[in-house]
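**Q** I'll drop the sequence and a predicted model, then ask my questions.
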Amino acid sequence: METRLASAARELMISSDKQTTLIGERINPTGKKKLAEALQKGEYDEIVRREAREQVDAGADVLDVNVGAGGVDEIAVLPEVVKIVMDEVDVPLCIDSGNPHAIEAALKVYKGKPLINSVKGEEQSLQTVLPLVKEYGAAVIALPLDQNGIPNNADDRIKLVDRIVERCVKTGIPIEDIVIDCLALSVGVDYHAGLVTLETIKRVKENYGVNMTLGASNISFSLPGREAVNDAFLSIAMAAGVTCPVVNVAKARKCVLSTDLILGRDKYALRYIKYYRQNKEQF
Amino acid sequence: MSNLTQLARALVDLDEELVSSLVKQKIEAGEPPLNIIKECNEGMGQIGKLFETNEYYLSELIMSGEILKGVMSELEPLLANVEKDSSSAGVVVIGTVKDDIHDIGKNIVVTLLKGTGFEVVDLGVDVPAETFVKTMRETGAKVLGLSALLNFTFPAMKEVVDQLAAAGLRDKVKVMIGGAPCNEEVRQFAGADFLAKDAATGVSFCKQIYGQN
């Protein structure tokens, strides 16, 4: 199944037949003091351009854009930041906010077909986000969580996926425009957490065959040497069906390219070898 | 760390089997359960320090809690028999303050208090100040125990004490605080009456307030 995204200048197809799509996570103030301060002061042009440029140079195919921080008016700031990123780079964007009004304000200025991050399984979210996805012809990331939080087992996560997909179809959103995030919790807190996510991924692939994203770095929260755990998880998750993970591109690219090669998505290993030549210091 | 007992050391090493066998040996040898808890407490204190200095990770902290749970399940039947001759020794309300969800230490205190004959109202974790105040009013308990593991929850302790005062209950209630990072400064900051350095001193304080000993 193919999910089409587009910027003003470029079209991108997410598919398990193709190389893995990397969604760059860095334009998000959570845990980033400098970016948070810049957004709060309204002096964000330079830092947003730099983060956008660096991620695309590192190999990002899509950029996530999130401005959620204390004291930031997301409805006003999100469209402004989206405009800056569109001006700096030409990859499709993932419009990321918990506030549907901010998402709509960003959709109004976006040129192309964006990915919306995200809709949840609870009624409030379904009712406010899905009409926007339909009206603007966007694709949407679906999170199997609701007002009770993230289920700790695959059965309940799949029930929420079912509910969201059903509502999307009723709203008239094509199934290929739904991207599921099966959600990763830390194995440092519950060492079964990885298995629950992988089981959910496996079942979403079997039941729907849709594209899947994943904020993979949550898996290693609280642990030392996080990159080793992140990389291992990313590889297994890709093998299970994740096609467009949200990652720190500069750090994750080596793992993703190696995994794509093993999964038969890199003819004659050309992309892997090219990356090696350009980044020998990382090997 | 070198002067830890073998049991405390085994706990710090997260050696579940050794902890379990040492505890069984001690029980068989007739060692008082409170002494066993004291040893475990020293180990847990050390683990807390190692966690604070980033030498131990969250998974290890959780594992230590699991081991301790196992120890407590061995000891609980014995504790229930300790000093349970009197009827209710009094009511104690206890809980982990808002924004903190750690309950290992609190649960030990609850077990000990119950074993000593107190009626305990355990409000659980992440308890808002309003709930503490409401419960104190409803139960008429003379002692309130506030637990925390995380440093940033000290203002939450102060909030409880302040709200007790606002509700006109402050002079009717003794507030004791406890948990790995609590110290005398924290007690003063929060305006609490007593700092319980370990579970046993917390229980002694409750006995004192209710006029036992």
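**A** Noted; the coordinates are in hand.
**Q** in chain B, which helix is the longest?
**A** If you go by DSSP state H, chain B has its longest helix at helix B:58-79.
**Q** residue A:173 belongs to a helix?
**A** No. Residue A:173: not assigned to a helix; according to DSSP: H, G, I helix; E, B strand; the rest coil it is coil.
**Q** who touches it in this structure?
**A** Shown in contact with residue A:173 (CB atoms under 8 Å, 6 or more residues apart in numbering or on different chains): A:130, A:133, A:134, A:140. Just so you know, the C-beta spots here come from the backbone N, C-alpha and C atoms, and that holds for glycine as well.
**Q** just the ones of these in strands?
**A** The strands, defined by DSSP state E, take in residue A:140 from the contacts of residue A:173.
**Q** quick one: which two of the contacts of residue A:173 are the most distant?
**A** A:134 and A:140 (9.5 Å; CB to CB).
**Q** more crowded one of the two?
**A** Using other CB atoms under 10 Å in any protein chain shown as the criterion, residue A:134 and residue A:140 rank with residue A:140 on top: 25 against 16.
**Q** from the chain's centre, how far out does the longest helix of chain B sit?
**A** Distance of helix B:58-79 from its chain centroid, counting by CA atoms, centre = their mean, to the nearest Å, is 13 Å.
**Q** tell me what the residue of the stretch 1-150 of chain A found nearest chain B is bridged to.
**A** Residue nearest to chain B within the stretch 1-150 of chain A: residue A:149 (13.2 Å; CB to the nearest CB). Note on residue A:149: beta-bridge partners by DSSP bridges are residue A:146.
**Q** that one and residue B:33, how far apart?
**A** As judged by CB to CB, to the nearest Å, residue A:149 and residue B:33 stand 37 Å apart.
**Q** quick check: next helix or strand after the host helix or strand of residue B:11?
**A** Assigned by DSSP states H and E, residue B:11 belongs to helix B:6-12. Next in sequence after helix B:6-12, counting helices and strands by DSSP H and E, comes helix B:16-28.
**Q** buried ones in that next one?
**A** B:16, B:18, B:19, B:22, B:23, B:26, B:27 (16 or more other CB atoms under 10 Å in any protein chain shown).
**Q** let me have those residues in a markdown table, extended by distance to residue A:42 and pLDDT.
**A** Converted to a markdown table, these look like this (distance: CB to CB, whole Å; pLDDT from 0 to 100):
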| residue | distance to residue A:42 | pLDDT |
| --- | --- | --- |
| B:16 | 54 | 96 |
| B:18 | 59 | 97 |
| B:19 | 56 | 97 |
| B:22 | 61 | 97 |
| B:23 | 60 | 97 |
| B:26 | 64 | 96 |
| B:27 | 66 | 95 |
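**Q** closest one of those residues to chain A?
**A** For these, the nearest to chain A is residue B:16 (14.6 Å; CB to the nearest CB).
**Q** returning to what we had before: what residues sit buried inside the longest helix of chain B?
**A** For helix B:58-79, by 16+ other CB under 10 Å, it's B:59, B:60, B:61, B:63, B:64, B:65, B:67, B:68, B:71, B:72, B:75, B:79.
**Q** and if you look at stretch A:235-246?
**A** By 16+ other CB under 10 Å, the buried positions in stretch A:235-246 come out as A:235, A:236, A:237, A:238, A:240, A:241, A:242, A:243, A:244, A:245, A:246.
**Q** now swap in stretch A:83-94 and tell me
**A** A:84, A:85, A:86, A:88, A:89, A:91, A:92, A:93, A:94.
**Q** I'd like the distance between residue B:210 and residue B:201.
**A** 15 Å.
**Q** check residue B:177 too.
**A** Going from residue B:177 to residue B:201 by CB to CB gives 12 Å.
**Q** for the stretch 151-283 of chain A, what lies in contact range of chain B?
**A** Proximity of the stretch 151-283 of chain A to chain B (CB under 8 Å from any CB of the partner chain) is limited to residues A:188, A:189, A:191, A:222, A:223, A:224.
**Q** using the three-state scheme, assign the second one.
**A** Same thing as residue A:189. Classification of residue A:189 by three-state DSSP places it in coil.
**Q** tell me the contacts of it?
**A** Contacts for residue A:189 (CB under 8 Å, 6+ apart) come out as A:221, A:222, B:58, B:59, B:62.
**Q** which of these lies closest to residue A:58?
**A** Nearest to residue A:58 out of the contacts of residue A:189 is residue A:221 (CB to CB; 22.9 Å).
**Q** what is the burial count for the closest one?
**A** When counting by other CB under 10 Å, one arrives at 16 neighbours for residue A:221.
**Q** same deal with residue A:22?
**A** Neighbourhood size, residue A:22 [other CB under 10 Å]: 24.
**Q** ok, the one 3 residues further on next?
**A** Counted by other CB under 10 Å, the residues lying close to residue A:25 total 23.
**Q** can you give me the helices in the stretch 51-200 of chain A?
**A** A:74-88, A:100-109, A:123-136, A:154-171, A:193-207 (DSSP state H, counting those that start in this stretch).
**Q** TSV for those helices, including mean pLDDT and distance to residue B:5?
**A** Formatted as TSV, the helices of the stretch 51-200 of chain A follow (pLDDT from 0 to 100; distance: least, CB to CB, whole Å):
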stretch	mean pLDDT	distance to residue B:5
helix A:74-88	98	55
helix A:100-109	98	58
helix A:123-136	97	54
helix A:154-171	97	44
helix A:193-207	97	35
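**Q** for these, which one sits closest to residue B:102?
**A** Nearest of the helices of the stretch 51-200 of chain A (CB to CB): helix A:193-207, 19.4 Å.
**Q** chain A contacts on chain B?
**A** Counting by CB under 8 Å from any CB, chain B comes close to chain A at B:57, B:58, B:59, B:62.
**Q** from residue B:51, how far off is the residue of the stretch 101-250 of chain A found nearest chain B?
**A** Here the residue of the stretch 101-250 of chain A nearest chain B is residue A:222; by CB to the nearest CB that distance is 3.7 Å. Note on residue A:222: its distance to residue B:51, by CB to CB, is 10 Å.
**Q** what's the neighbour count on the residue lying closest to residue A:101 once chain neighbours are set aside?
**A** Among residues not flanking residue A:101 along the chain, residue A:75 sits closest, at 5.0 Å (CB to CB, 6 or more residues apart in numbering or on different chains). For residue A:75, the neighbour count with other CB under 10 Å is 16.
**Q** residue A:75 reaches residue A:103, doesn't it?
**A** No. Residue A:75 is not in contact with residue A:103 according to CB atoms under 8 Å; the separation is 9.4 Å.
**Q** report the angle between the helix or strand containing residue B:34 and helix B:16-28.
**A** Element membership for residue B:34, per DSSP H and E: helix B:33-52. In terms of direction (axes from the mean of the first three to the mean of the last three CA atoms, to 10 degrees), helix B:33-52 departs from helix B:16-28 by 160 degrees.
**Q** which parts of helix B:33-52 are buried?
**A** The neighbour-count check on helix B:33-52 (16+ other CB under 10 Å) flags B:33-34, B:36-48, B:50-51 as buried.
**Q** stretch A:103-113 now?
**A** By neighbour count on 16+ other CB under 10 Å, the buried set for stretch A:103-113 is A:103, A:104, A:105, A:106, A:107, A:110, A:112, A:113.
**Q** what does the residue most central in space within chain A show for phi and psi?
**A** Centrality entry for chain A: nearest residue to the mean C-alpha point is residue A:246, 3.9 Å, by CA atoms, centre = their mean. Phi and psi for residue A:246, reported as degrees, to the nearest 10, are phi -90, psi 120.
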